[in-house]
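[1] build me a model:
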Amino acid sequence: MREIGLDRDELGVLTEEIIGRGGSFSFKAHGWSMYPFIHDGDILTVGPVSTNELKSGDIILYKSLDDGVVVHRVIGKTKVGNTEILKVRGDALIGSPEYIATTQVIGKAIKQRRTSNVVDLQKGGSKFLAHIWLITYPIGSSCLYFVFTFKKFLSLIFRFFQSFSLYRKLAQILIGKKVNYLVIVDDLALLDNKLKESFSLSEMASKSSMIYNYEICAYIGQKKVGSVALLKFDEGNLLYPDWWLFGMEVRIPYRGAGIGKNLLHMAINKAFEVNANKVNLLVFKTNHIAINLYKKMGFKKISIPALDEQLEKEAHHGHSHRIIMSRSFIED
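    I've put the predicted structure just below:
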């Protein structure tokens, strides 16, 4: 299954168009608000539904007030005058439900895939367990809150130690030498209308077709601990000209071992190998550690007018501000 990445706005537009025509739509879920039933990275399939048929326990995809899309569970219905209102809430969330109009509903989740396991969300054990979760609320959600808080605490401890040079030196000795790197080549010239959100959202334009995709991965044994994608879009793409790096990620326990730097170095070498004139990337303006690393690797802040406008719009809507950096392979 070929995949492409979309931001939340683009995902909403595309799902409405496809489901509005009676089709179904699959995408990768992000976040933990629907845990333990839907995990980050699960593939959800959403199909059309009549809002009259929606019942408590159904999982729906709906348009939020900021024009993004959200997947939450219906926990009840009510009416305000002649208008029917749905009460929705994420399974892992505690507090008052969100009230949405039925006109905000895009579709209903009908299938869920995690690795090779496919679950029919409309029948069987999944419906029964969801019902138990709802009637025992907030016991399950409260337990999850404490688990997530503890995991967040452990993450903060990890990051604290990773800020010390001694930790990074030890990590490079103990972890760095165990890492194997792999370049996966994927020709995307013949793209289907599939989704990919393994890169952070809003990093690709839905109407852009990618010509090449290289994914550079870091493994320890069979475990993937980091990756970055090197992409080339169609010539003349105003938003994403030339080659781009997307989705740079190293799992928290393995940071500080030089994996990110090695992934970036390999991606730059691959870009040079395929005769790229330059390679660009997006980085959060407040991520000073990443920005300093990119500068050391020869990247400089640049401006792409069409993309600058989109990034400013993101920041205006409350998203973290990102900037464009670029490394040129052409001598001035």
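
[2] what about the helices in this structure?
    8-20, 125-135, 139-162, 165-174, 259-273, 288-296, 305-316 (DSSP state H).

[3] any idea which of those helices scores lowest on pLDDT?
    In terms of average pLDDT, helix 8-20 trails the rest of the helices of the chain, at a mean of 66.

[4] who's residue 246 bridged to?
    Beta bridges link residue 246 to residue 229, judged by DSSP bridges.

[5] would you mind measuring from residue 143 to residue 112?
    22 Å (CB to CB, to the nearest Å). Heads up, the C-betas are built off the backbone N, CA and C, glycines and all.

[6] with residue 141 instead?
    20 Å.

[7] same question for residue 132.
    From residue 132 to residue 112 the distance is 18 Å (CB to CB).

[8] of those two, which one has the most company?
    residue 112 (21 against 10; other CB atoms under 10 Å).

[9] nearest spatial neighbour of the more buried one, skipping sequence neighbours?
    Among residues not flanking residue 112 along the chain, residue 119 sits closest, at 4.6 Å (CB to CB, 6 or more residues apart in numbering).

[10] then residue 240?
    Using CB to CB, 6+ apart, the nearest residue to residue 240 is residue 233, at 4.7 Å.

[11] wait, doesn't that neighbour sit right on residue 213?
    No - counting by CB atoms under 8 Å, residue 233 stays clear of residue 213, with 10.2 Å between them.

[12] wait, what's in contact with the closest residue to residue 297 other than its chain neighbours?
    Once flanking residues are discounted, residue 297 sits nearest to residue 264: 5.7 Å by CB to CB, 6+ apart. By CB atoms under 8 Å, 6 or more residues apart in numbering, the contact set of residue 264 is 228, 245, 248, 293, 294, 297.

[13] returning to that earlier point: which one of the helices of the chain lies closest to residue 329?
    helix 259-273 (5.6 Å; CB to CB).

[14] tell me which residues in the closest one are buried?
    Using 16 or more other CB atoms under 10 Å as the test for burial, helix 259-273 gives 259, 260, 262, 263, 264, 266, 267, 268, 270, 271.

[15] neighbours of residue 29, how many?
    By other CB under 10 Å, 19 other residues sit near residue 29.

[16] with the one 3 residues further on instead?
    Other residues near residue 32 number 17, with proximity taken as other CB under 10 Å.

[17] that one and residue 40 touch, don't they?
    Yes - counting by CB under 8 Å, residue 40 is a contact partner of residue 32 at 5.9 Å.

[18] got the contact list for residue 90?
    33, 34, 72, 73.

[19] circling back to that earlier point, what would the contacts of residue 264 look like in a markdown table with distance to residue 90?
    As requested, those are exported to a markdown table (distance: CB to CB, whole Å):
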| residue | distance to residue 90 |
| --- | --- |
| 228 | 30 |
| 245 | 32 |
| 248 | 28 |
| 293 | 34 |
| 294 | 35 |
| 297 | 39 |
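
[20] of those residues - the most surrounded one?
    Highest neighbour count within these: residue 245, with 27 neighbours (other CB under 10 Å).

[21] returning to that earlier point: return the member of the contacts of residue 90 nearest to residue 285.
    Nearest to residue 285 among the contacts of residue 90: residue 33, at 26.0 Å, using CB to CB.

[22] ok, that closest one touching residue 94?
    No - Residue 33 is beyond contact range of residue 94, at 10.9 Å (criterion: CB under 8 Å).

[23] more neighbours, the two?
    Counted by other CB under 10 Å, residue 33 and residue 94 do not tie: residue 33 has more neighbours, with 17 against 13.

[24] spit out the contact partners of that one.
    By CB under 8 Å, 6+ apart, the residues touching residue 33 are 72, 90, 91, 92, 93.

[25] what's the most distant pair in the residues you listed?
    Once CB to CB is applied, these give 72 and 92 as the farthest pair, at 10.3 Å.

[26] hey, what's in contact with both of these two?
    Residues touching both residue 72 and residue 92 by CB under 8 Å, 6+ apart: 33, 34.

[27] which of those two has more neighbours?
    Neighbours were counted for residue 72 and for residue 92 using other CB under 10 Å; residue 72 has more, 24 against 20.

[28] how near is that one to residue 230?
    35 Å.

[29] so what's the residue count around residue 118?
    Neighbour tally, residue 118, other CB under 10 Å: 11.

[30] correction: the previous question concerned residue 233.
    20.

[31] count the neighbours of residue 176 for me.
    20.

[32] same question for residue 315.
    When neighbours are counted by other CB under 10 Å, residue 315 registers 12.

[33] likewise residue 49?
    Applying other CB under 10 Å, we find 18 residues neighbouring residue 49.
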